[in-house]
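In: Got a predicted structure here, sequence first:
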Amino acid sequence: MSEQLTQEQIQQMEQARAQWVRAQFQKANEHLASKGIIPDNVTVADSRYLPPFFAVWKLNTKDKQTFWVISGDVPTDHMAVSAAKDAREAVRSFSLHWQLKAQQIIDSGINDQTKLDFANLLIKRAHGLYEMFEKDELWQESTAN
């Protein structure tokens, strides 16, 4: 038995990846739109995806603003592009922001399970993001061999 992937399996994996990326792009655009921010286009060269964990998009808006937007197996969120110089730093910024937000929720006195669950989710995803931020091999330029 050969353990190598067939051309068909490789093609299916590439299609699944492309479908995941499209779905996350849609999710990021819908997130901004739900905040009253109208997306215009994406700076693909500055965006990064790590299926099935997260995608970080550099999205430009109709009114000439630019945001980092994160989506995937994390809470969808956004920040001004000025908060981070690149996608890697944006991941770190989201991680730190979520840790602070979780602490604020906890400090405010959690009175229901939903808030507790959300705070715990933020903490868990923040730690996961920070671990990925620290892995240099995830952030090598795709042109490097």
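Out: Perfect, thanks for sending it. Numbers count the residues shown, from 1 in each chain.

In: what about stretch 26-38, average pLDDT?
Out: Averaging pLDDT along stretch 26-38 yields 96.

In: Helices of the chain, residue ranges please.
Out: 7-34, 87-107, 113-134 (DSSP state H).

In: packing partners for the first one?
Out: When you say that, I think you mean helix 7-34. strand 39-42, strand 48-50, strand 54-61, strand 66-72, strand 77-80 (3 or more C-beta pairs under 8 Å, 6 or more residues apart in numbering; DSSP states H and E). Placement of C-beta: from N, CA and C, glycine included.

In: which outside residues touch the shortest one?
Out: It refers to strand 48-50. Strand 48-50 is contacted by residues 20-21, 24, 55-56, 72, 87-88, 132, 138-139 when judged by C-beta atoms under 8 Å, 6 or more residues apart in numbering.

In: picking up where we left off before, want to throw the helices and strands packed on helix 7-34 into JSON lines with distance to residue 96 and mean neighbour count?
Out: Formatted as JSON lines, the helices and strands packed on helix 7-34 follow (distance: least, C-beta to C-beta, whole Å; neighbours: other C-beta atoms under 10 Å):
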{"stretch": "strand 39-42", "distance to residue 96": "24", "mean neighbour count": "15"}
{"stretch": "strand 48-50", "distance to residue 96": "18", "mean neighbour count": "17"}
{"stretch": "strand 54-61", "distance to residue 96": "14", "mean neighbour count": "22"}
{"stretch": "strand 66-72", "distance to residue 96": "13", "mean neighbour count": "23"}
{"stretch": "strand 77-80", "distance to residue 96": "11", "mean neighbour count": "16"}
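
In: What residue, apart from its backbone neighbours, is nearest residue 68 spatially?
Out: residue 90 (4.0 Å; C-beta to C-beta, 6 or more residues apart in numbering).

In: Tell me the spacing between the one you found and residue 112.
Out: Applying C-beta to C-beta, to the nearest Å, the value for residue 90 to residue 112 is 31 Å.

In: Same question for residue 75.
Out: 18 Å.

In: which intervals of this protein have sub-threshold pLDDT?
Out: Along the chain, segments meeting pLDDT under 70 span 1-3, 141-145.

In: what residues are up against the residue nearest the centre of it?
Out: Centrality entry for the chain: nearest residue to the mean C-alpha point is residue 70, 2.9 Å, by C-alpha atoms, centre = their mean. Residues in contact with residue 70 (C-beta under 8 Å, 6+ apart) are 28, 54-57, 76-78, 90-91, 94.
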